[in-house]
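Asks: Sequence and predicted structure below; questions after.
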Amino acid sequence: MIDQKKVSVTKLPSFKREEKTPKKVDGKEVKVEVDAKQQQAESIELTAKALANANGVYEKERDGDFHVIGTLQKDTPTTITVKVPTGVKSYKKRKDFEYDDETNKAMLKGKMVRLEVKKNQMVESLEMDSQDQ
């Protein structure tokens, strides 16, 4: 559904599911890549929000680092606080913490943001992706 309207797109013969996308995605938020020329679906994948667990974690790396998606509640010089399905999570900022280059810090509160968190529970970066809003 797009803007509360059901949308149907035919698949290209070369259509593929991204690695973490299950066969059944009914009711889940997905991203579909459509070929501009043929107007057919090339691929489908679950969004970060659809992949996230109750703590907002949507990706874990082998080294223990992880990625969180949640609604920004508070951003101080030392901590970032986001709302996730189980409640509110706060992470301390690393000394080398950075915002994504395209992120407008003044407009972040209340927006869905993505955090890159190191295994020591310190946040390394924050970004806002328009597809999450």
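Replies: Nice, I can see it. Residues are numbered from 1 along each chain as shown.

Asks: show me the residues around the residue nearest the centre of the chain that make contact.
Replies: Here the mean C-alpha position of the chain is nearest to the C-alpha of residue 48 (CA atoms, centre = their mean), at a distance of 3.3 Å. Residues in contact with residue 48 (CB atoms under 8 Å, 6 or more residues apart in numbering) are 58, 59, 67, 69, 114, 129, 132. For the C-beta atoms, the positions are set from N, CA and C on the backbone; glycine is no exception.

Asks: So which of those residues sit within strands?
Replies: Applying DSSP state E to the contacts of residue 48, the entries found in strands are 58, 59, 67, 69, 114.

Asks: got the contact list for the top strand by length along the chain?
Replies: Assignment by DSSP E gives strand 87-99 as the longest strand of the chain. Outside of strand 87-99, the residues that reach it under the criterion CB under 8 Å, 6+ apart are 55-56, 68, 70, 73-74, 77-83, 105, 115, 117-118, 121-127.

Asks: Filter those residues down to the buried ones.
Replies: By the neighbour-count criterion of 16 or more other CB atoms under 10 Å, the contacts of strand 87-99 include these buried positions: 56, 68, 70, 80, 82-83, 115, 117, 122-123, 125-127.
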